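**Student:** Okay, structure incoming, though there's no sequence with it:
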């Protein structure tokens, strides 16, 4: 009995470590993207980062295929999640070119609202949890909280800043679709195998976009400094590669609700780092709105009812 208890305790602490590492990694990536924004266009940024990450995951996919096989139809089923991931990732990176990281990450909390809308449309069995006062209250708080974040600061509403907000909302929609589509088409597969397949198809889409829209079809990267190349590599490694490994390990050890709840702290950590790096200062009203929005997200993710675990999983699938 004592050995079982110690093993459970070790598993839990390992889960705590991995979720903290995932939180730190996904909080550093927005800072890097904002730093690279003036020198690397978002389309080239995405193409090179996801291309490198796809190469990292390819050996795992080949090894899994040869060792135990993969489900027939997995590549076909991964198509729509990959399309949604391409949209979410493209808008995600572009948003940081126009806006500071703290503001973008708070705006991205609206992802949960779009998840709820899509889940209502696609999964009738999960409508029970979405009818509960707790869930409805959480959605309301997210929407109410985001408004002061957008309107309560000293943002100069130029075309660029408006584009940044639209990109952030577009990313929230894309990642909401991604989470729901993974839930619909990929739930039979091991999460890491599913992501490895999606990473290959997402990389193809983002590289094609880079070739068409990227500066010099993405080849302008050869003129970057050694520092910028390192930053690009670090963002790919901790954001797309090991970040997802830590994320899935923490879900296995701690559960969906705890993992996604901890990750809701990301906007606060990003804002704190952004204050030091970019002197991004949110007003007290923006901080209040952010707290309300994150509180609403936590309430949504802990709502109980039929299908609540699956809904929380879809709502907490991360942006890279």
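**Tutor:** Okay, I see it. None of these values were measured; they are calculated from a predicted model.

**Student:** From the chain's centroid, how far away is the helix or strand harbouring residue 51?
**Tutor:** Counting by DSSP states H and E, the secondary-structure element that holds residue 51 is helix 42-67. Its chain's C-alpha centre and that of helix 42-67 lie 17 Å apart, by C-alpha atoms, centre = their mean, to the nearest Å.

**Student:** What residues sit buried inside that helix?
**Tutor:** By neighbour count, and taking 16 or more other C-beta atoms under 10 Å as the criterion, the buried residues in helix 42-67 are 42-54, 56-57, 61, 64. Placement of C-beta: from N, CA and C, glycine included.

**Student:** Also stretch 32-44?
**Tutor:** Buried residues in stretch 32-44, counting neighbours by 16+ other C-beta under 10 Å, are found at 32-37, 40-44.

**Student:** quick revisit: tell me which helix or strand comes right after the helix holding residue 51.
**Tutor:** Next along the chain from helix 42-67, counting by DSSP H and E, comes helix 74-77.

**Student:** Low-confidence stretches in the chain?
**Tutor:** Applying pLDDT under 70 to the chain flags residues 1-9, 154, 157, 160, 304-320.

**Student:** if we go to 80?
**Tutor:** 1-11, 126, 153-160, 252, 255-258, 261, 303-320 (pLDDT under 80).

**Student:** For residue 43, give me its contacts.
**Tutor:** For residue 43, the residues meeting the contact criterion (C-beta atoms under 8 Å, 6 or more residues apart in numbering) are 90, 206, 209-210, 212-214, 218.

**Student:** same deal with residue 152?
**Tutor:** With contact set as C-beta under 8 Å, 6+ apart, residue 152 has these partners: 283, 285-286, 288-289.

**Student:** tell me which of the residues you listed is nearest to residue 232?
**Tutor:** Checking the contacts of residue 152 against residue 232 by C-beta to C-beta gives residue 286 as the nearest, at 29.8 Å.

**Student:** Can you classify residue 38 as helix, strand or coil?
**Tutor:** Residue 38 carries the three-state label coil when classified by DSSP: H, G, I helix; E, B strand; the rest coil.

**Student:** element containing the closest residue to residue 262 other than its chain neighbours?
**Tutor:** Residue nearest to residue 262 in three dimensions, not counting chain neighbours: residue 19, with 4.9 Å by C-beta to C-beta, 6 or more residues apart in numbering. For residue 19, the enclosing helix or strand under DSSP H and E is helix 2-36.

**Student:** Which parts of that helix count as buried, going by neighbours?
**Tutor:** Residues 15, 18-19, 21-36 are the ones in helix 2-36 that count as buried (16+ other C-beta under 10 Å).

**Student:** follow-up on the earlier one: please list only the buried members of the contacts of residue 152.
**Tutor:** The neighbour-count criterion (16+ other C-beta under 10 Å) marks 286, 289 among the contacts of residue 152 as buried.

**Student:** Including secondary structure and distance to residue 82, could the contacts of residue 152 go into TSV?
**Tutor:** As requested, the contacts of residue 152 are exported to TSV (DSSP: H, G, I helix; E, B strand; the rest coil; distance: C-beta to C-beta, whole Å):
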residue	secondary structure	distance to residue 82
283	coil	39
285	helix	39
286	helix	34
288	helix	38
289	helix	33
